[in-house]
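Novice: Quick check, what structure comes out for this input:
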Amino acid sequence: MQKIALFFQYVLPHRLLSRLMYYLMRIKVKPIKNFTIKTMVRKFDINLDEAAESDFEAYPHFNAFFTRALKTDARPINTASNQLVAPVDGVVSQLGEIKQGRIIQAKNHSYSVKELLATEIDADYRDGQFITIYLSPRDYHRMHAPLDCCLKSMRHIPGRLFSVADWTTQEIPRLFARNERLVNHLDTDLGPVAYVYVGAIFVSSIETVTNGVITPPYASKPVNLVPQGQTDYQKGEEMGRFNMGSTIVLLLPKDSVRFNSELKPGDIVKLGQSIATIND
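Specialist: I've put the predicted structure just below:
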């Protein structure tokens, strides 16, 4: 059965399906959108008490619910200056050292920094560190700053829209370097940091605080973007959002942090909790 599912990952019209999902998620017919939201809440055991708006009928369409804001106290941010925090809710896929410019995706699978960032230069991260976090449909879907930073530039990189669920990361080589993605280049006290939003099938839109909706339209070639709005972010401030589940990859300079010793692949993390101590 998994081989059949994997076959369809390669042959499905990813972009067409994602474009259709874009419109379906914005249907405003009340019986349809209320049924969809209620089904989602039940299936994924979503805690509406955390939401700024806990009445699902108040959302104009499913996408508004999916990208819902949380109450201000729902995700306390660790404000200690020596702590790197989780920028999203999700599950840790992999974390650790980048070795000779290669990032671990899963057992027997890796990809290069150059591929991920679509660049010929990987000096900033060649022997650096990384963490990959998967956002499932049940998670809060806004992305926040993992530390105080300045958004210097963004790069929208074309690609496929494979699923980024655990089973596909185990089976599809170089998945995160093949999927459509947005690379945020940050200037921080650690040095340069790359904060990558990876698209996936049915992720019908990636949106940023500074430039609004990035996808759709989907890219045909890498496009460098200049931030048009806010560029300075304090740790924990919102920077963007996914529509439907996806993944973020955070690249850090060499020896810049010490990941918490108890943190391992498969662990659930929440926005704002400490994931690493920043080295002096």
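
Novice: Tell me how many other residues surround T72.
Specialist: 8 (other Cβ atoms under 10 Å). In this view, the C-beta of every residue, glycine as well, is placed from N, C-alpha and C.

Novice: Look up the pLDDT of the closest residue to it other than its chain neighbours for me, please.
Specialist: Spatially, and ignoring its direct neighbours in sequence, T72 is nearest to A52 (7.9 Å; Cβ to Cβ, 6 or more residues apart in numbering). We have a pLDDT of 96 for A52.

Novice: A52 touches A69, doesn't it?
Specialist: Yes: taking Cβ atoms under 8 Å as the definition, A52 is a contact partner of A69 at 4.2 Å.

Novice: For the closest residue to A219 other than its chain neighbours, the count of nearby residues, please.
Specialist: In this structure, A219 finds its nearest non-sequential neighbour in P158, 3.8 Å apart by Cβ to Cβ, 6+ apart. Using other Cβ under 10 Å, P158 has 17 neighbouring residues.

Novice: now swap in the one 3 residues further on and tell me
Specialist: Per other Cβ under 10 Å, the neighbour tally for L161 reads 26.

Novice: and it, what does it touch?
Specialist: Counting by Cβ atoms under 8 Å, 6 or more residues apart in numbering, L161 touches 14-15, 17-18, 179-180, 199-203.

Novice: same question, Y23
Specialist: Here Y23 is in contact with no residue (Cβ under 8 Å, 6+ apart).

Novice: What distance do you get for it to G236?
Specialist: 33 Å (Cβ to Cβ, to the nearest Å).

Novice: I172 too?
Specialist: In terms of Cβ to Cβ, I172 sits 33 Å off from G236.

Novice: picking that back up, would you check that the residue nearest to A219 makes contact with S220?
Specialist: Yes: with contact defined as Cβ under 8 Å, P158 reaches S220; the gap is 5.8 Å.

Novice: The spatially most central residue of the chain bridge partners, please.
Specialist: Nearest to the geometric centre of the chain sits I248, at 3.1 Å (Cα atoms, centre = their mean). On the basis of DSSP bridges, I248 is bridged to I133, Y197.

Novice: On the three-state scheme, the residue lying farthest from the centre of the chain is what?
Specialist: Here the chain reaches farthest from its C-alpha mean at P31, the gap being 30.5 Å by Cα atoms, centre = their mean. Counting by DSSP: H, G, I helix; E, B strand; the rest coil, the backbone at P31 sits in helix.

Novice: pLDDT wise, what is it at?
Specialist: 94.

Novice: In contact with it, which residues?
Specialist: By Cβ under 8 Å, 6+ apart, P31 has no neighbours at all.

Novice: and the gap between it and K43?
Specialist: 18 Å.

Novice: same check, this time on G101
Specialist: 40 Å.

Novice: which one of the two has more residues nearby?
Specialist: G101 (17 against 10).

Novice: what's near enough to touch the more buried one?
Specialist: G101 neighbours (Cβ under 8 Å, 6+ apart): 112-114, 122, 125-127.

Novice: Brilliant, that's me finished.
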